[in-house]
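Participant: Predicted model, plus sequence, below.
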Amino acid sequence: MIVLKSDFEIDKMRSAGRLAAETLAMIEKHIRPGISTLELNDICHDFTVSRGAVCAPLNYRGYPKSICTSVNDVVCHGIPNSKQVLKDGDIINVDVTPILDGYHGDASKTFFVGSNVSTAARELVKVTEECLEIGISQIRVGARIGDIGYAIQEHAEKHGYSVVRDFVGHGIGKVFHEDPQVPHYGEAGKGVRIEPGMTFTVEPMINAGDYRCKILKDKWTAVTVDRSLSAQFEHTIAIRSNGAVEILTLP
Ligand code: MF3
Ligand code: CO
Ligand code: CO
């Protein structure tokens, strides 16, 4: 069941989304060789709380930290850890989801660590951000959810990359993950019709090699089966009552 939101509710989601974007802009300044992913977690947590919000991931289905930090071959849901220290040349996705006044805002970006990131990693990150933009550009009233994934898959595979299947975008609002599912692969013209009041994420995870993932023993961390690099970008989107498509997770 898809929960349609009023413009008043979308205004609240915009506030949560703006906070998510501001958190990513804030944490970018801290990303450098030598910082641990737990330090990044704690800085984001304190920032979120100082703005009157709470971190949705913390205790969500048993998740132990406030953000996800996914380094190199980690596809998503990397758990911040004091022993995981960033190195020059790493790439790291930081995924944040504040809840402000009862509504979620979900956004992530992949950042470069230091100045020695390989050309291959830079290219993967660039194409992944393009995948997010191209996916969002398909969104309009009357289009189908499948149009988004079709466009993303075409762009990723054109560059020799693969699209993760095990994790998809999702409806979002008072609830973190709700209908509809938003795959980043698939067929144009298929799936749910996009309508005013819908709010959902687009969050392509793109791998340099095999699209398949495996989950580590911590039950959360998803890595590529072939240990190839993976990148991700995420925005939360709303369709206003007048049909306007709005990216909620902008500063
Ligand atoms: N923010 C992630 C998403 O984009 C979900 C993280 S769930 C957690 O949907 F429990 F791992 F935090
Ligand atoms: Co999400
Ligand atoms: Co997210």
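Facilitator: Received the coordinates, thanks. Ligands and ions are numbered 1, 2, ... in the order given.

Participant: Check whether the nearest residue in space to C55 that is not next to it in sequence sits in a helix, strand or coil.
Facilitator: Nearest residue to C55, sequence neighbours excluded (CB to CB, 6 or more residues apart in numbering): S66, at 3.7 Å. All C-beta spots, glycine's among them, are computed from the backbone N, C-alpha and C. Using DSSP: H, G, I helix; E, B strand; the rest coil, the structure places S66 in coil.

Participant: residues in contact with S66?
Facilitator: With contact set as CB atoms under 8 Å, 6 or more residues apart in numbering, S66 has these partners: 41-42, 44-45, 48, 55, 57-58, 80.

Participant: and if we set it to 10 Å?
Facilitator: By CB atoms under 10 Å, 6 or more residues apart in numbering, S66 lies in contact with 40-46, 48-49, 54-60, 80, 96-98.

Participant: Which of the residues you listed fall in helices?
Facilitator: Counted as lying in helices by DSSP state H, out of these, are 40-46, 48-49.

Participant: Filter those down to the buried ones.
Facilitator: 40-45, 48 (16 or more other CB atoms under 10 Å).

Participant: Tell me how many other residues crowd the closest residue to V3 other than its chain neighbours.
Facilitator: Once flanking residues are discounted, V3 sits nearest to G173: 5.7 Å by CB to CB, 6+ apart. For G173, the tally of surrounding residues (other CB atoms under 10 Å) stands at 24.

Participant: picking up where we left off before, can you tell me how far the residue nearest to C55 is from D46?
Facilitator: Distance, S66 to D46, using CB to CB, to the nearest Å: 9 Å.

Participant: same check, this time on A151
Facilitator: A151 sits 38 Å away from D46, going by CB to CB.

Participant: do P33 as well
Facilitator: Distance, P33 to D46, using CB to CB: 22 Å.

Participant: So for the one residue in the stretch 51-200 of the chain that gets nearest to ligand 2, what's the pLDDT?
Facilitator: Residue nearest to ligand 2 within the stretch 51-200 of the chain (CB to the ion): D106, separated by 4.1 Å. Here the pLDDT value assigned to D106 is 99.

Participant: just D90 next, same as before
Facilitator: Listed pLDDT for D90 reads 99.

Participant: Once you drop chain neighbours, what's closest to it?
Facilitator: V113 (4.0 Å).
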